[in-house]
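Chemist: How does the following fold in three dimensions:
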Amino acid sequence: MTGEAPVEVGRRAGRRTSRLRSWLLADNSEQPRQHAPGGRPPEHRHHPWWKVMCLTGVDYFSTLGYQPGIAALAAGALSPVATLVLVLVTLLGALPVYRRVAVESPHGEGSIAMLVRLLTYWPSKLFVLVLLGFAATDFIITITLSSADATAHLDENPFWPSALKGHEVLLTLLLVALLGAVFLKGFGEAIGIAVVLVVLYLLLNTVVITVALWRVVTHPSALEDWTTALTTGHGDPLLVVGLSLLVFPKLALGLSGFETGVAVMPSVRGDPQDSEDRPLGRIRGARRLLTTAAVIMSVFLITSSVTTTVLIPPEAFESGGPANGRALAYLAHEYLGGVFGTIYDLSTIGILWFAGASAMAGLLNLVPRYLPRYGMAPTWARAVRPLVLVFTAVAFLITVAFSADVDAQGGAYATGVLVLITSAATAVTLAARRRRQRGRTLAFGTIAVAFVYTTAANVVERPDGVKIAACFIGGIILVSVLSRLMRAFELRVTNVELDPVATRFIAERSGRRIRLIAHEPERRDPTEYRDKLAETMADNDFPDDSDVIFVEVTVSDPSDFETELLVRGTVAHEQFPVLSLASSSVPNALAALLLEIRDRTGRRPHIYFEWTEGGPGRNVVRYLAFGQGEIGSVTREILRRQEPDRSRRPHVHAG
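Modeler: All right, here's what the predicted structure looks like:
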């Protein structure tokens, strides 16, 4: 009995581990379909566009919690004019750009996919990693900064117990963990919470701003004081506009949310007749999402800037002042009382905490679409729950590193936002130019130049943002390289399709020994094929018979990881059967073809290689970088890993 107990304990532990693994990978929806256990086609839950807008809006709209204060500190009496510039850039710049991105990239890849199409091979993959680094900077800092700001609002509330003050890091970590728990539960739950928070927050802001505007109208002296300060300090209207343009980069946080809006497009419910090639309903819904959010936010930005600038003393915005980072909350307490002010604080805390939800949704849509497909992340990175745990852990690290300081993270946040918007503006400009749309090229090009200036000005003023983004980029590149090395000997083929001629070649030999000769063609004349056949027969001592088929693989883009194989059959010079296929890697393509032939015929095919010249180290590098190298031994290793049963493994010969 005592001897059986440890065995039973081990079995229970194994079952618990298996259940945990199944739960974590339950939504691994993009596994390769061919020769991969448990693979199934991708599935998405779709929601009305206005609900998805609320999910992206928890980030976008939550900036009302701190944007008016930032504008007042940066521009002083010029704050409403500078905010008007921000609104114009939003409606005439960022909005048209991202409405175009929604059309060009409706599957959630965002502007990154548009730029990647302009490059090929390894430069395109490196470019993706750099842009993903900036996206990660934007999204991860959104999670940590917003949670830290929610903690700051808690500390400022008069009803918050003094004993709990001074524990900002712990409270912020708790909020980040709670956000992660919501996404571990499910994406639908996140959207439900977002809808409630956004509706409540916008209603309360409407009340606060309406009361504040009424105060401005009924107390003209406050408005006169502001206009006097504006005209006294900046009498020339051109000077006012110029200074507002110079201040604009500091207000760039008010542009957050657009990249997330296109990243979560796959969650937007389209029309019943939509297809993946033409998701017109989804595109229409996403454009409504972007436009509605931009218009709502623009109205709130202008009205909140006017009321806070006119009604709040300038010294209250300073660091440590009662309106610092919470201008609208200051007005709520000042004109609507402590109870309403506390309710407003709670709604602000709620939406700031959940602002990270849109960022988390953006990451969960972007990362699985690029890194696992490029072999630059483990296969479990296709699943939502493991990624949620990884992103939450990174957010913990950032929170501790910056001591939950909102100001310390602002530079990195602005840098990530601006780089992504600049890349989007550049992408749509190049897309319009490629279509020879001169008017749109000029318009989008002007927008791109404006954002290039804004990004450069932000980098010069706050270089720490680039340093933080560089850390994210370096981390992503390191993980990607290690993952690519570790996954190099996976099959890397998602599907194998044989044309009718290739199918006939295999069917004719299904009752006999199936012999394939790996051939790298040069002249493609009859002499080359005869010499190759004679050399292979001599090296491997088998008779010349009709079973032999030449196999020729053309390397397409070696930087790709997963590919689909289309095998075409031809008869070279009316006597040599040839199977031709293109792939990112020769050994992986050959291994997948051998397994496909085995599964179709029930027989283990033989393949014959010629040993490659050169040292093994050099050939390994050639395989990893260019998909070639020592083909025979690598093909055998891929087959060994894919088919553990030696009795079912295709034969590999090298001579």
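Chemist: any weak-confidence spans in the stretch 101-250 of the chain?
Modeler: Applying pLDDT under 70 to the stretch 101-250 of the chain picks out residues 119, 163, 187, 229-246, 248.
Chemist: Can you show me the helices along it?
Modeler: 110-116, 121-156, 168-185, 187-218, 220-233, 237-247 (DSSP state H, counting those that start in this stretch).
Chemist: Report the secondary structure state of the residue positioned nearest the centre of the chain.
Modeler: The chain has Leu366 as the residue nearest its centroid, 2.2 Å off, counting by Cα atoms, centre = their mean. Taking DSSP: H, G, I helix; E, B strand; the rest coil as the rule, one finds Leu366 in the helix state.
Chemist: Tell me the spacing between it and Gly108.
Modeler: In this view, Leu366 and Gly108 are 7 Å apart by Cβ to Cβ, to the nearest Å. Placement of C-beta: from N, CA and C, glycine included.
Chemist: what's the overlap in contacts for those two?
Modeler: Listed as contacting both Leu366 and Gly108 by Cβ atoms under 8 Å, 6 or more residues apart in numbering are Ala263.
Chemist: next helix or strand past the helix or strand bottoming out on mean pLDDT in the chain?
Modeler: Every helix and strand in the chain was compared by mean pLDDT, DSSP states H and E; the lowest is helix 5-24, with a mean of 60. Downstream of helix 5-24, the first helix or strand assigned by DSSP states H and E is helix 49-60.
Chemist: just checking, next helix/strand downstream of that following helix?
Modeler: helix 67-75.
Chemist: Dump the helices of the stretch 101-250 of the chain into a markdown table; add mean neighbour count and distance to Ala414 as well.
Modeler: A markdown table is the format used below for the helices of the stretch 101-250 of the chain (neighbours: other Cβ atoms under 10 Å; distance: least, Cβ to Cβ, whole Å):
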| stretch | mean neighbour count | distance to Ala414 |
| --- | --- | --- |
| helix 110-116 | 24 | 18 |
| helix 121-156 | 24 | 9 |
| helix 168-185 | 19 | 20 |
| helix 187-218 | 18 | 22 |
| helix 220-233 | 13 | 26 |
| helix 237-247 | 15 | 13 |
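Chemist: Out of these, which is closest to Leu336?
Modeler: Across those, Leu336 has its closest neighbour in helix 187-218 (6.2 Å, Cβ to Cβ).
Chemist: and that closest one, what does it pack onto?
Modeler: Judged by 3 or more Cβ pairs under 8 Å, 6 or more residues apart in numbering; DSSP states H and E, helix 187-218 is in contact with helix 49-60, helix 168-185, helix 220-233, helix 280-311, helix 327-370.
Chemist: Report the distance from that helix to the chain centre.
Modeler: 29 Å (Cα atoms, centre = their mean, to the nearest Å).
Chemist: Mean confidence (pLDDT) on stretch 420-433, please.
Modeler: On average, the pLDDT along stretch 420-433 is 88.
Chemist: same deal with stretch 519-531?
Modeler: 86.
Chemist: Just the terminal-to-terminal distance for that stretch.
Modeler: Using Cα to Cα, to the nearest Å, the end-to-end distance of stretch 519-531 comes out at 11 Å.
Chemist: Can you mark which positions in stretch 594-602 are buried?
Modeler: The neighbour-count check on stretch 594-602 (16 or more other Cβ atoms under 10 Å) flags Leu594, Leu595, Glu596, Ile597, Arg598, Thr601 as buried.
Chemist: Now it - C-alpha only, PDB.
Modeler: Extracted in PDB, the C-alpha atoms of stretch 594-602 (Å, rounded to 0.1, in the frame of the first residue of the first chain):
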ATOM      1  CA  LEU A 594       7.700  12.700 -47.300                       C
ATOM      2  CA  LEU A 595       5.100  12.600 -44.500                       C
ATOM      3  CA  GLU A 596       2.300  13.500 -46.900                       C
ATOM      4  CA  ILE A 597       3.300  10.700 -49.300                       C
ATOM      5  CA  ARG A 598       3.500   8.200 -46.300                       C
ATOM      6  CA  ASP A 599       0.000   9.200 -45.100                       C
ATOM      7  CA  ARG A 600      -1.500   9.000 -48.600                       C
ATOM      8  CA  THR A 601       0.000   5.700 -49.600                       C
ATOM      9  CA  GLY A 602       0.600   3.900 -46.300                       C
END
